[in-house]
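Engineer: missing the sequence, but the structure's below:
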């Protein structure tokens, strides 16, 4: 079935296609009006090495920051792993912020990339700001655990303040477009199915009519349809009781009264 035949079929079965299209359009409009766009915010935090990396106390013991050994990039990766675990998610959820956030480490620099998606600008920005604070606290706790002096600690610097970078309109468009396309496909499928059902019904009726033509003796020809054969021929009435005529028990037979024969001796003078 090409496009032209499909259009003709839809026009012919408009009483089926039109209500289905109205239902699909109403569903799509309802989805478009009740679905809210999403907002995306991001921020970047840089890990800064300490100004002094080692010191010697009066006992001759050299003190170093143990986190400087693996390198700042490895520290950033470890922070990403810790923030992706359940602890940060519980804090975010407890403050009614967005659960859709990502924490990644830059592959070349000691930078932590933060991003969040929310149903409003404030939710997205506040989620990123909370993640920024969690990065700062995590860096501090890692070094306090090893009693690193403040002057030797790794610090953080926010390169890009939490801000809105885009509106996630693509997701909105995809959902609305998906509903519209699904409604159109369902409409076409049901219309084609209904047309096929009607055609099959007509075909069965035609076959039944042709069977009736074939059963009537002397009526039409083999393979001839009822429309071309015309009305069946008139049959002569069946005369019940006539000699040589077949008896028909379904008809009433009327027998006329016979005249009585004259009695013997009557009519003589």
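Structural biologist: Ah, there it is. Keep in mind the model is a prediction, meaning the values are calculated, not measured.

Engineer: Without its sequence neighbours, what residue ends up closest to residue 39?
Structural biologist: Distances taken as Cβ to Cβ, 6 or more residues apart in numbering place residue 124 nearest to residue 39, at 4.4 Å, with adjacent residues excluded. Quick note: C-beta positions are derived from backbone N, CA and C, even for glycine.

Engineer: give the contact list for the one you found.
Structural biologist: When contacts are counted by Cβ atoms under 8 Å, 6 or more residues apart in numbering, residue 124 is found next to 39, 40, 41, 98, 116, 117, 118, 164.

Engineer: can I get those residues in TSV with distance to residue 188, secondary structure and neighbour count?
Structural biologist: TSV is the format used below for the contacts of residue 124 (distance: Cβ to Cβ, whole Å; DSSP: H, G, I helix; E, B strand; the rest coil; neighbours: other Cβ atoms under 10 Å):
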residue	distance to residue 188	secondary structure	neighbour count
39	36	strand	22
40	36	strand	17
41	42	strand	26
98	39	coil	21
116	41	strand	27
117	35	strand	19
118	38	strand	23
164	41	strand	15
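
Engineer: from those, which two are the most distant?
Structural biologist: 98 and 164 (12.7 Å; Cβ to Cβ).

Engineer: I'd like the secondary structure assignment at residue 165, please.
Structural biologist: Three-state call for residue 165 (DSSP: H, G, I helix; E, B strand; the rest coil): strand.

Engineer: which residues does it contact?
Structural biologist: Taking Cβ under 8 Å, 6+ apart, we find residue 165 in contact with 40, 41, 42.

Engineer: In a helix, residue 103, correct?
Structural biologist: No. Assigned with three-state DSSP, residue 103 falls outside any helix and is strand.

Engineer: show me the contacts for residue 162.
Structural biologist: Applying Cβ under 8 Å, 6+ apart, the residues near residue 162 are 41, 42, 43, 114, 125, 126, 128, 129, 132.

Engineer: Let me know the secondary structure of it.
Structural biologist: State at residue 162, reduced to three classes by three-state DSSP: strand.

Engineer: ok, and the closest non-adjacent residue to it?
Structural biologist: Closest to residue 162 by Cβ to Cβ, 6+ apart is residue 128, at 3.8 Å.

Engineer: so what's that neighbour scoring on pLDDT?
Structural biologist: At residue 128, the model reports a pLDDT of 92.

Engineer: Determine the angle, from 0 to 180 degrees, between the helix or strand hosting it and strand 101-105.
Structural biologist: Using DSSP states H and E, residue 128 sits in helix 121-144. With axes from the mean of the first three to the mean of the last three Cα atoms, to 10 degrees defining the directions, helix 121-144 sits at 40 degrees from strand 101-105.

Engineer: Now helix 121-144: buried residues?
Structural biologist: Within helix 121-144, the residues scored as buried using 16 or more other Cβ atoms under 10 Å are 123-132, 134-135, 138-140, 142-143.

Engineer: swap in stretch 91-98?
Structural biologist: 91, 92, 97, 98.

Engineer: Ok, stretch 104-121 next?
Structural biologist: Applying 16+ other Cβ under 10 Å to stretch 104-121 flags 105, 110, 111, 112, 113, 114, 115, 116, 117, 118 as buried.

Engineer: of these, closest to residue 200?
Structural biologist: Nearest to residue 200 among the buried residues of stretch 104-121, with distances taken as Cβ to Cβ, is residue 117, at 51.4 Å.
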